[in-house]
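**Q** here is my input; please provide its structure:
(2 chains)
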Amino acid sequence: MTTAATPVRKATPPSAPAAGARVKRPGLGKRLELALLLGPALLVFVGFVLVPIGIAGFYSLFKWNGFGPLDDFIGFDNYVDAFSGTVFQGAIVHNLIIAGLSIVVQLPLSIGLAMLLNRKLRGRAVLRALVFAPYVLSEAITAVIWVLMLQPGGFADQVLKGAGLGGLVHQWLADPGIVLYTLFAVITWKYVGFGIILLLAGLQGVPAELREAAALDGASAWQTTRHVVLPLLGPTIRIWIFLSVIGSLQLFDVVWIMTLGGPANASTTMATYLVDHGFKRYEFGFGSAVAVILFVICFVFALLYQRFALRRDTEGALTRMVG
Amino acid sequence: MFVKRRIPVLAALVAIVPLALSACSGGSDTPAQPSGPVTLTWWHNGTTDPIKSIWEKVVADYHQAHPDVTLKAQPLQNEDFPTKVPLALQGAQPPDVYQSWGAGELASQVTSGKLADITDATKPWISGTGKFAESWQVDGKQYGVPFEQHFVGFWYRKDLFQQAGITTPPKTMDELNAAVTQLKAKNIAPISVGGKDRWPDAFYFNYFAVRECSADVLKQSVKAVKLEDPCWTKAGQDLKSFLATQPFQTGFAGTPAQQGAGSSAGLVANGKAAMELQGDWEPGTMSALTDDKQLDSKIGWFPFPSVAGGRGDPAAVLGGGDGFACTSRASKACADFLQYLNTEPVQTQLAAKGAGLPVNSAAAKSLKTDTLKQVYDYGVKAPYLQMYFDKAFPTAVGAALNDAVANMFAGQGTPEGIVAAVNQAAAGNK
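**A** Sure thing, here's the model as predicted:
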């Protein structure tokens, strides 16, 4: 019985390196260490992320006001209700508009400003700090500040009038046709600094030799930017887009404080819709369904983006099993 | 917009965990009625003066008079109640006494099985607690008691009215419309409204309904959670024609009701608008938003005008109340405590310090200003009282009503649409 096995084993070169050796199962000590170090975090993750997601999924199948027993099983009716309601449809559209605008407006703005701030210029440190300052404020404070500045006859209107642009004065938060773009402007004000910091870090990673080489080859500043700097910023830009879209899909605080999703639902997002129905109307089953929808949308986007856009960047960076 | 943490989703999810965990520990345990020393956990919304210090004094006084009862007061922001109360009522240890606005919301909370039926304990004295006390009943059982009542009407600036040549406060819609025209002619914003918060918009629809519908129709509609009588559509049409006169300040759809000098209350407080349809809490709200120490003498009050041809009583009043509900752990002690809150000394303090309109009539004479006395008299003498509909209806239906009205304020929607929105929400549709 054992005779057949022996030659085979001999056929394997004893010095066969790496691959096999690295996937060797960790020893008891190592495993204990892993459990010890990973355990608490894993427990918290399971308890506060996975379990609640599961519970939300469960609640979403009931008509439930948050009190008393779960005895009104309605299957997927909550999901059907959500998708067939015009307010929720509008909310999804609003989230997508914000996500799209982020990429089209904030990204070029951030790249431009980052490149400016990457140059050697007087007071660069101060400028960088100024641009980054709004990001340090909490969303709640940002929203309250802007509510005050944007009220009719407020600071924003006065500045416009002072600059001779009185014709641009609008009902920033009261006009259903404008309110979403007003909110986008506030969000941009807050987050463009973060984008710039990310991109500045990315720019530091562009080797000076490459720029010099391009210059020696007679490339113009624009050509250097287009063919050397931007491609090397690629990984940073892709990460930025990822964070930006996920953030846009979950947009909540600024909208909730500034408009409560109004007027006439013109700035409702999926998250404000969720809180409005879950907590303000005691529709916890329905709110759970909306939460699950929001989660699935974000999750699917994250998976697809990782698979198709981020794969190149993360290849090789993924940690292998500790050996 | 980038690294926004997953707050909404996770917060909602995380918030639900305790629900699930506590669901196992059951809510069916029979209420133990402790004899001997008892501690009452008390959730109230008195986070700011004057009511904050009044409740602090109540805690001390009550313990002194009842050494067996210790009150553990926990002031919470108003906005925290919709989230914390449901979670607590699912939990094993809900507060013993908590702020409740009665009616539809209370009815939802009763389904938790944690609330105490205090009908018997309150029977001897409940009749002395104002006209809105019924709103703390669900299916004929008393679950809470109001300590303040509220009436809604128009607050106006006497100085701006004078400036526009308006000599007497409007009594009919025609007179109100005329006043709006006169104020506009003087370049004064006639009426301010906090459209961002939606509920101030709803006051208008509510009042038009109270004027258009007979008391019987109102009662029946609230009970059935169904708007069938044509008077509801008529109320929506009244609102639509009123909106067409453009009586409100610029950008009203984005204006908050009570926050900052640019809020609807702030605009009246600072003389930027002449009127606002608000509850009796308005003077207190306004005084915090202006430096004007003479404000009280500059503002007056008049009831919502009569509507020509309406079947509702022109003297009927819209309002509600602030109260507390009891959970079952120590319901006897809780009911006794609520009775104390309705005694003359406590009620007199509430009235005298401008915290609200007392439910104990003996305290009414201590009200801070003559205007508040006027509001109080009007309210208690009213032939019919209607609880704000967003509170009277189940929570989801009330919110749908407020939304539909706010949409009309923002230039979208129809009178029929408001009625349809309510009926749809009552049927459980989005």
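**Q** list the contacts of residue A:144.
**A** By CB atoms under 8 Å, 6 or more residues apart in numbering or on different chains, the residues touching residue A:144 are residue A:257. Where you see a C-beta, it was placed from the backbone N, CA and C, and this is true even at glycine.
**Q** surely residue B:391 and residue B:102 touch.
**A** Yes. Contact criterion CB atoms under 8 Å: residue B:391 and residue B:102 qualify, at 6.8 Å.
**Q** middle-most residue in chain B, spatially?
**A** Taking CA atoms, centre = their mean, the centroid of chain B lies closest to residue B:320, which sits 5.2 Å from it.
**Q** partner strands of the helix or strand where that residue lies, parallel or antiparallel?
**A** Using DSSP states H and E, residue B:320 sits within strand B:317-326. Strand pairing for strand B:317-326, using DSSP bridges, gives strand B:97-100 (antiparallel), strand B:144-157 (antiparallel), strand B:385-387 (parallel).
**Q** any residue of the next helix-or-strand element following the shortest one up close to chain A?
**A** Looking back up the chat, that one is strand B:385-387. For strand B:385-387, the succeeding helix or strand toward the C-terminus, using DSSP H and E, is helix B:389-392. No. Contact of helix B:389-392 with chain A (CB under 8 Å from any CB of the partner chain) is absent, the minimum separation being 10.4 Å.
**Q** wait, does the next helix or strand after helix B:389-392 contact chain A?
**A** Later in the chain than helix B:389-392, the nearest helix or strand by DSSP H and E is helix B:395-409. Yes. Residues of helix B:395-409 contacting chain A under CB under 8 Å from any CB: B:395-396, B:399-400, B:403, B:406-407, B:409.
**Q** packing partners for helix B:395-409?
**A** Under the contact criterion of 3 or more CB pairs under 8 Å, 6 or more residues apart in numbering or on different chains; DSSP states H and E, helix B:395-409 touches helix B:103-110, helix B:199-212, helix B:230-244, helix B:389-392, helix B:415-426.
**Q** tell me the most buried of those helices?
**A** When you average the neighbours per residue for each of those (mean count of other CB atoms under 10 Å in any protein chain shown), helix B:199-212 leads with a mean of 25.
**Q** all strands of chain B, in order?
**A** Under the criterion DSSP state E, chain B contains strands at B:38-44, B:69-75, B:97-100, B:137-138, B:141-142, B:144-157, B:189-191, B:273-279, B:299-302, B:317-326, B:357-358, B:385-387.
**Q** could you spell out the sheet neighbours of the fifth one, each with its direction?
**A** Partner strands and pairing direction for strand B:141-142 (DSSP bridges) are strand B:137-138 (antiparallel).
**Q** average model confidence for the strand it pairs with?
**A** Throughout strand B:137-138, pLDDT has a mean value of 93.
**Q** residue B:429 is in contact with residue A:80, isn't it?
**A** No. Residue B:429 lies out of contact with residue A:80 (CB under 8 Å); the separation is 10.5 Å.
**Q** tell me which parts of the stretch 201-323 of chain A are close to chain B?
**A** A:240, A:243-244, A:246-248, A:250-253, A:259-260, A:262-266, A:271-272, A:274-284, A:286-288, A:291, A:294-295, A:298.
**Q** what do you get if the cut-off is 6 Å, keeping everything else the same?
**A** For the stretch 201-323 of chain A, the residues in contact with chain B (CB under 6 Å from any CB of the partner chain) are A:243-244, A:247-248, A:250, A:252, A:263-264, A:271, A:278-283, A:291, A:294-295.
**Q** quick check: which ranges of chain A have low pLDDT?
**A** Applying pLDDT under 70 to chain A flags residues A:1-24, A:314-323.
**Q** neighbours around residue A:108, how many?
**A** Number of residues near residue A:108 (other CB atoms under 10 Å in any protein chain shown) recorded here: 10.
**Q** how far away is the residue nearest to residue B:85 when sequence neighbours are not counted from residue B:150?
**A** Closest residue in space to residue B:85, ignoring its immediate chain neighbours: residue B:98 at 6.1 Å, by CB to CB, 6 or more residues apart in numbering or on different chains. Relative to residue B:150, residue B:98 is positioned 19 Å away (CB to CB, to the nearest Å).
**Q** so for those two, which residue has more residues nearby?
**A** residue B:98 (27 against 23).
**Q** what residues are bridge-paired with that one?
**A** In beta-bridge terms (that is, DSSP bridges), residue B:98 pairs with residue B:43, residue B:325.
**Q** you'd agree it is up against residue B:43?
**A** Yes. Taking CB atoms under 6 Å as the definition, residue B:98 is a contact partner of residue B:43 at 4.0 Å.
**Q** whichever helix or strand residue A:285 is part of to helix B:395-409, inter-axis angle?
**A** Applying DSSP H and E as the criterion places residue A:285 in helix A:284-308. Helix A:284-308 runs at 70 degrees relative to helix B:395-409, counting by axes from the mean of the first three to the mean of the last three CA atoms, to 10 degrees.
**Q** chain center to helix A:284-308, what's the gap?
**A** 13 Å (CA atoms, centre = their mean, to the nearest Å).
**Q** and stretch B:394-404, by the same measure?
**A** 14 Å.
**Q** show residues contacting that stretch.
**A** Residues outside stretch B:394-404 that contact it (CB atoms under 6 Å, 6 or more residues apart in numbering or on different chains): A:280-283, B:104-105, B:108, B:198-199, B:202, B:225, B:389-390, B:418, B:421-422, B:425-426.
**Q** could you dump it to CSV, C-alpha only?
**A** Extracted as CSV, the C-alpha positions of stretch B:394-404 are listed here (Å, rounded to 0.1, in the frame of the first residue of the first chain):
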residue,chain,number,x,y,z
PRO,B,394,-50.7,57.8,13.8
THR,B,395,-47.1,59.0,13.4
ALA,B,396,-46.6,57.9,9.8
VAL,B,397,-49.9,59.4,8.7
GLY,B,398,-49.2,62.7,10.5
ALA,B,399,-45.8,63.0,8.9
ALA,B,400,-47.4,62.3,5.5
LEU,B,401,-49.9,65.1,6.1
ASN,B,402,-47.1,67.5,7.0
ASP,B,403,-45.1,66.5,4.0
ALA,B,404,-48.0,67.0,1.6
